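Asks: Following is a predicted model, sequence given first.
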Amino acid sequence: MAVATGSKSNTRLILKLSRPHFLVPGALLYTMGAIIAQLRGATCPPDRLVFGYMIFFFAHLSVSFSNDYHDRNSDQSSGRTLFSGGSGVLLEHKELERVALRIAQSLLLLSAAAALAFTVVYGFSASFLIFALAGGFLGWFYSAPPLRLSYRGLGEVATALAAGLIMPGMGYFVVFGQLDAWFGLFSVPLIFYGLYFILTVEIPDYEADMAAKKMNLVTRMGVKKASCLTLAAALSGTGILASLHYSGFSAGTFDLSRLAILSSLPFATAAASCLTCMIGGLSTVKQTGMNMAGLLGFLSASVLVLYFELILG
């Protein structure tokens with residue numbers, strides 16, 4: 001009975017380590033890319049769409065375990081929130097450190113193997129395999145040595161590219177069969193929302209990251225300036241979406257005016273949190289919660305609008 005209880009406890013801890021709520025923004029971005037590819041006239045059998053997501057899922061899930069393992073020392077002084085500071089599991093259960101590392105490595109290998117199988121089974125070009133592997137390794141080296149991008153001032157670049165290009169790009173690539181110049185242009189505002197995301201989750205870790213000598217934008221600029229930069233990223237995303245709409249940029253019958261309007265959600269929350277941060281009326285934890293609510297609201301509403309446009313034609 002004791003063994004069974006311990007096994008259940010470890011399963012619960014590993015689930016906590018996985019931080020499954022982090023998978024939600026990624027799933028929304030993958031879905032957004034896939035739907036937009038269909039709005040542009042591409043078709044995709046359901047099995048290929050699911051197979052493609054499994055490649056992405058394994059790599060994305062690996063990041064949670066990898067980051068917890070490689071950031072376990074810097075997380076000691078972090079205040080944990082839903083979206084920052086790590087899970088805290090490895091700080092209290094050091095016996096699970098090796099388990100976390102092995103899970104992270106195994107998931108990354110599964111993603112690579114699935115990407116290879118997908119390329120062969122569906123007759124995709126080698127560029128798909130390269131793109132999928134690049135996404136997996138970008139997530140891995142965010143915190144893992146020898147690159148440790150988040151410690152060398154490149155964490156924001158890595159995350160912005162992952163969220164704005166890799167995640168929706170996987171969905172688009174799986175459905176459309178290639179990445180084209182159209183998608184490259186569409187990814188630009190999403191890259192700014194990737195910057196919005198990483199700054200939002202870095203802000204509550206300011207003191208811990210300073211102690212760990214992480215060279216990120218928040219430790220360099222301070223919380224107030226980083227809050228302003230978060231607002232600037234949201235404004236850039238909205239402005240670019242609006243500009244693309246007025247320039248005639250569209251996805252088949254779907255124009256970007258709806259997404260531009262919906263992008264007012266993260267812009268509004270960033271503006272409110274920046275203002276209250278300046279006057280000292282909002283904790284960094286609440287600021288993160290507010291900004292994440294705006295971002296997730298924008299992504300969820302955008303996917304719904306795109307989906308209804310697709311089925312209603």
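Replies: That came in fine, so what should we check first?
Asks: Tell me, how many residues neighbour the nearest residue to residue 149 once chain neighbours are set aside?
Replies: Excluding its sequence neighbours, the residue lying closest to residue 149 (CB to CB, 6 or more residues apart in numbering) is residue 158, at 4.7 Å. (C-beta placed from N, C-alpha, C; glycine too.) Neighbour count of residue 158, defined by other CB atoms under 10 Å: 21.
Asks: Likewise for the one 5 residues further on?
Replies: Residue 163 sits with 25 neighbouring residues when counted by other CB under 10 Å.
Asks: mind listing what it touches?
Replies: Residues counted as contacts of residue 163 (CB atoms under 8 Å, 6 or more residues apart in numbering) are 25, 29, 190, 191, 193, 194, 197, 198.
Asks: Now the strand or helix carrying residue 208: buried residues?
Replies: Remark: residue 208 resides in helix 206-211, with elements defined by DSSP states H and E. Of all the residues in helix 206-211, those buried under the rule 16 or more other CB atoms under 10 Å are 206, 208, 209, 210.
Asks: how far out from the middle of the chain is it?
Replies: 22 Å (CA atoms, centre = their mean, to the nearest Å).
Asks: for that helix, packing partners?
Replies: Packed against helix 206-211, as judged by 3 or more CB pairs under 8 Å, 6 or more residues apart in numbering; DSSP states H and E, are the following elements: helix 217-221.
Asks: Now tell me what touches the helix it packs on from outside.
Replies: Helix 217-221 is contacted from outside by 153, 156, 199, 202, 203, 205, 206, 209, 210, 226, 229, using CB under 8 Å, 6+ apart.
Asks: list the buried ones in the helix or strand following that helix?
Replies: Using DSSP H and E, the helix or strand that follows helix 217-221 in sequence is helix 223-246. Neighbour-count burial for helix 223-246 flags 223, 226-238, 240-242, 244-245 (criterion: 16+ other CB under 10 Å).
Asks: related to what we said a few turns ago, just send the contacts of helix 217-221 back as CSV, with distance to residue 41 too.
Replies: Shown next, in CSV, are the contacts of helix 217-221 (distance: CB to CB, whole Å):
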residue, distance to residue 41
153, 41
156, 35
199, 36
202, 39
203, 41
205, 43
206, 46
209, 45
210, 50
226, 41
229, 38
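Asks: List just the nearest of those residues to residue 172.
Replies: Residue 172 lies nearest to residue 156 out of these, by CB to CB, at 23.0 Å.
Asks: correct me, but the closest one touches residue 216?
Replies: Yes. When contacts are counted by CB atoms under 8 Å, residue 156 is listed as touching residue 216 (6.5 Å).
Asks: Helix 223-246 and the helix ranked longest in the chain, what's the angle between them?
Replies: When the chain is parsed with DSSP state H, its longest helix is helix 284-312. If you take axes from the mean of the first three to the mean of the last three CA atoms, to 10 degrees, helix 284-312 sits at 10 degrees to helix 223-246.
Asks: Show me where the chain dips below the pLDDT cut-off.
Replies: Scanning the chain for pLDDT under 70 picks out the ranges 1-8, 75-81, 85, 251-253.
Asks: What segments of it are strands?
Replies: For the chain, the strands defined by DSSP state E occupy 250-251, 254-255.
Asks: Would you mind finding the most buried of those strands?
Replies: Among those, the stretch with the highest mean neighbour count (mean count of other CB atoms under 10 Å) is strand 250-251, at a mean of 18.
Asks: which stretches of the stretch 51-200 of the chain form helices?
Replies: 89-92, 97-121, 126-140, 155-161, 167-176, 181-202 (DSSP state H, counting those that start in this stretch).
Asks: could those helices go into CSV alongside distance to residue 283?
Replies: Formatted as CSV, the helices of the stretch 51-200 of the chain follow (distance: least, CB to CB, whole Å):
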stretch, distance to residue 283
helix 89-92, 22
helix 97-121, 29
helix 126-140, 29
helix 155-161, 22
helix 167-176, 29
helix 181-202, 14
